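Visitor: prediction below, plus the sequence it came from.
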Amino acid sequence: MPDLNPAQFAAVTIIDGPVLVIAGAGSGKTRVIEYRVLHLVQNKISPESILLLTFTRRAAREMLERAGRHDSRCKNVEGGTFHSFAFKTLKRYGKIIGLSGAFTILDEGDAEEAIHRCCAKLGFFEKKERFPRKDTLRNVISISINKGISIGRVLEKEFPHFLQYTSDIENLREEYVKYKIDKNYLDYDDLLIYLRLLLENEEVRNRLSQKYQFIMVDEYQDTNKLQGDITCLLAERHRNVMVVGDDAQCIYGFRGASHENIMEFPKKFPECKIIKLEENYRSTQSILDLANSVLENVKNKYSKCLVSARKKTGEKPYLLFFKNAHDEAEWVASKIKELRDEGVFLSHQAVLFRSAYISIPLQAELSKRNIPYQVFGGLKFYETAHVKDVIAHLKVITNPRDELAWNRVLMLVEGIGLKTCERILEEIMVYANSDDVIAKVFQTYVAKRDRYAEGLAKLKDALKLGHNKDLNVGEQFEIVLKYYKPILQDKFDDWHLRLNDLETLRQIAMRYESLEQLLADFAIEPPEKGVWMVEPSVPEEEKPLTLSTIHSAKGLEWEVVFIIGLIDGVLPVSFALNDDDEIEEEHRLFYVGITRAKNNLFLSLYHEGIRGGINQFNKISRFVDVPNVLSKLEQKGAPDGKIKSVVTYKQAEKVAPTPIYDKKSLLRKVIEFFK
DNA sequence: CCGCGGAGTGTTTTT
DNA sequence: CACTCCGCGG
C-alpha cells in the first residue's frame, strides 16, 4: 500500500457496508478508488463482482487503466458509465421487461428525427401558430425525465413562451415512447429508465446484486435522480456501496444532476460511514488560495477549505489581458512552446475553456507552429452529417428494420424526397431481412425506371456487396465509402476535409470484429476526435497538448493549465445570467477549472469581441473581477493598468429589495392566478 | 413531388 | 453566422 493519509487509508480499507466519501478537488480521490479496487481484489474478492460506475467515458477509462497497472486482475473489474452499464445489462436482461435484445441506440440527432416523425403523426405541424422545433422538444422531454419533473415545470423554467403547448408535448412524449418501443429504439434517457425499471423486478435485482457484490460510484455529485435510484437499487441488498463526490464540483445541473444524491445518501443508508478528504495533493498553495477565494464567492457555502499538502507555495497565478482573441492565442501558444523548451512536456500542459468555439483561434495558432494537440469536448465528430450518413448505411446493412437509418440513406439518393422515401420505407418494413429487401423492394423500384431508378440501383449494388458475410468490417466500410463518396462531394463544399474524417473512421472500423460491435460502441462510447491517433506506446514527451472544455477536464490534472476566454458572457455563459442557480453552476465550473492545475495557472481574456456582427468590449468575468480573487492574481497587460468597464451584460442588482416571494411561492401565485 | 433559395432563428456543457 | 424551415419554380 502506498503513502496514504488516515482518511484515505480508511476509505481504501473499508470492505463492507455503505461509505460516503466527500473528496475535495485534488484530494486523491482517484487514488482512493484505484487502491480500494486493488485492496478488494487482494482480499480475495473476485474482480468480476466489483462494479465501478462513473459519469464520463474518460473517467471510466482512466480509473480502470490505473488500477490495472498494479494488479492485472483489476482489469476484470466491471466498469464504465451508467449508460454503458445500462446498455450491457439491458442487452442481457432486457427481455424480462419486454425489450428485444436487438435494440438500436438513438443519439441526439436520431432522437430528434424520431420526435419529428411523432410530431408529424400527431399533426402538430398543421397548426397555425409556430410549434417548438424538434431539438427544443427533445430537450424539454429529456429535462423532464432527467430532473424528474413535469413537462409543465420544464416549460415554466426554461421555455415559458411555449407553455401553451404543455399538453401537446405531454402527448408527444407518450407517442415518442410508443414509437421507440415499437421500433426497438432506445435513446440515452431510455437506457437509464429501463435499467431502473428492470431493477425494480425483485428477481433481476437479486441476480444483479449477487453478481455485483461491491458497487463504487465516482463523481456522485453529478449523477441525476435516475442514476441515484439505480445505485440504491443495486446496493439495496448487500449494501456494499461506496460513492465518492464533491458538492463543490457539481457542474452537470443542466443534465439533471444535483448534489441532492449526496445529501440523500446517508438517509438511504443510515449505517453509512462518512469520510472526508480535505488535504490537497495536487496544487501549490498559491493556486489553492485562489480556488478557495473563488469558492468563498459562491453564494451557497461549501465547507471545503483546501490546504496544500505540498511544501511549495508556488508562483502566483497570472491574469492576462489581451486586445483580441488572436493576441491571446499567440501568447498562449508561445508560452506553451517556451515551457516545453524548459522541460514541461506538452502532455503535462492543458488549455481549458468554457465553450469549444473559444479554442478555434488557438487551434489555428498551434497548427501554424506545429504544436500537436488533441481536443476534448465540443463539436462531436461522430455527430457530423457525413459521419452519420456513413453510419446510417452500416446500420442498414446490419439491421434492415432500422427505419431511421433507412430514412437517412434513402433521402440521400438523387430524386428521392420526403414522399417517395415514405413509400419505399413502408415497403421495406414489410420484410425482415436484407436479402428480401434487396430482392423484392429494390428490384421493383429499379425496374420502374423512375427518375430515382439510377440512384437506387447504385445503392442496391452497394448494399448487396456490403451484405456479403465473408467480408470483414474494413471491407464492408470501404464498399459503403465508395458508394457514398460521390454523394459527399455533391453535398459538401468542404468534402475533402470530411473525407479525411471518414478515412479515420475506416481505420477505427477495421479494428472491429463485427459491424454490430462497431455500431454499439459508436452509440455508447463514441471515439473522440484526435484521441485514437495517440497510441499508448508513444513516449510521454511526444504526446500532444490537451485542449478541453472544463466539463471534459473534470477529474484530470496537469502541471500547467491555461484558462482562456474569461469573459463575462463566456464564463459565466450569457444564457445562465438570468438564473441564480445556473450562475452558481458556472461559478463552480470556474472552480473546477482552477483546481486542475498543479504548478502553474494562467487566466486570460481578450477585450475585442464580435458577437452577431456587432463589435463590443468584452468585460472581465464577474467571477474574476472580485477583490478577494484579484488579490490572488498577478495581473499583466491590462490596458492603462485598468480595465475600462463597458457594460456588456447587466450585472445582477447589488442591493436587491427584500423579496416578497421566492421563486417557488411566485410560481404558486401565478398558477393560482391562472386557476 | 423534388430541390433550391430566401427568410428567420438562436447561439453551451455530455451520455 | 450556421442551421432549419418554408414557399415557390421546375
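Guide: Now that the structure is in, tell me what you want to look at.
Visitor: residue A:371 and DNA strand C, how far apart?
Guide: Distance of residue A:371 to DNA strand C, given as CB to the nearest atom of the strand, to the nearest Å: 24 Å. For the C-beta atoms, the positions are set from N, CA and C on the backbone; glycine is no exception.
Visitor: list the contacts for that residue?
Guide: Residues in contact with residue A:371 (CB atoms under 8 Å, 6 or more residues apart in numbering) are A:333, A:336, A:337, A:346, A:545.
Visitor: redo that, cut-off 10 Å
Guide: Residues in contact with residue A:371 (CB atoms under 10 Å, 6 or more residues apart in numbering) are A:333, A:334, A:336, A:337, A:340, A:346, A:349, A:362, A:365, A:544, A:545.
Visitor: what do you get for residue A:83?
Guide: Neighbouring residues of residue A:83 by CB under 10 Å, 6+ apart: A:53, A:55, A:57, A:105, A:188-189, A:191-192, A:195, A:227, A:523-525.
Visitor: same thing with residue A:479?
Guide: By CB under 10 Å, 6+ apart, residue A:479 lies in contact with A:393, A:397, A:461, A:462, A:463, A:464, A:465, A:466, A:467, A:468, A:471.
Visitor: same thing but at 6 Å, please
Guide: Going by CB atoms under 6 Å, 6 or more residues apart in numbering, residue A:479 touches A:462, A:465, A:466.
Visitor: of the contacts of residue A:371, which pair is most distant in space?
Guide: Based on CB to CB, the longest span within the contacts of residue A:371 runs between A:334 and A:544 and measures 17.1 Å.
Visitor: not counting its neighbours along the chain, what's nearest the closest residue to DNA strand B within chain A?
Guide: Across chain A, the shortest distance to DNA strand B (CB to the nearest atom of the strand) belongs to residue A:417, at 2.2 Å. Closest residue to residue A:417 apart from its sequence neighbours, by CB to CB, 6 or more residues apart in numbering: residue A:411 at 7.6 Å.
Visitor: sorry, back to before: and of the contacts of residue A:371, the nearest to residue A:427?
Guide: Looking at those and their distance to residue A:427, the nearest is residue A:544, at 49.7 Å (CB to CB).
Visitor: would you confirm that that closest one contacts residue A:372?
Guide: Yes: counting by CB atoms under 6 Å, residue A:372 is a contact partner of residue A:544 at 3.9 Å.
Visitor: more crowded one of these two?
Guide: Per other CB atoms under 10 Å, whichever of residue A:544 and residue A:372 has more neighbours is residue A:544, with 20 against 15.
Visitor: can you pull the contacts of that one?
Guide: Residues counted as contacts of residue A:544 (CB under 6 Å, 6+ apart) are A:346, A:372, A:373, A:374.
Visitor: that older thread, what about the residue nearest to residue A:417, how many residues nearby?
Guide: For residue A:411, the neighbour count with other CB under 10 Å is 14.
Visitor: pLDDT value on the closest residue to residue A:514 other than its chain neighbours, please?
Guide: Counting by CB to CB, 6+ apart, residue A:473 is the residue found nearest to residue A:514 once chain neighbours are left out, at 6.7 Å. Looking at residue A:473, its pLDDT is 91.
Visitor: what of the one 5 residues further on?
Guide: The per-residue pLDDT reported for residue A:478 equals 94.
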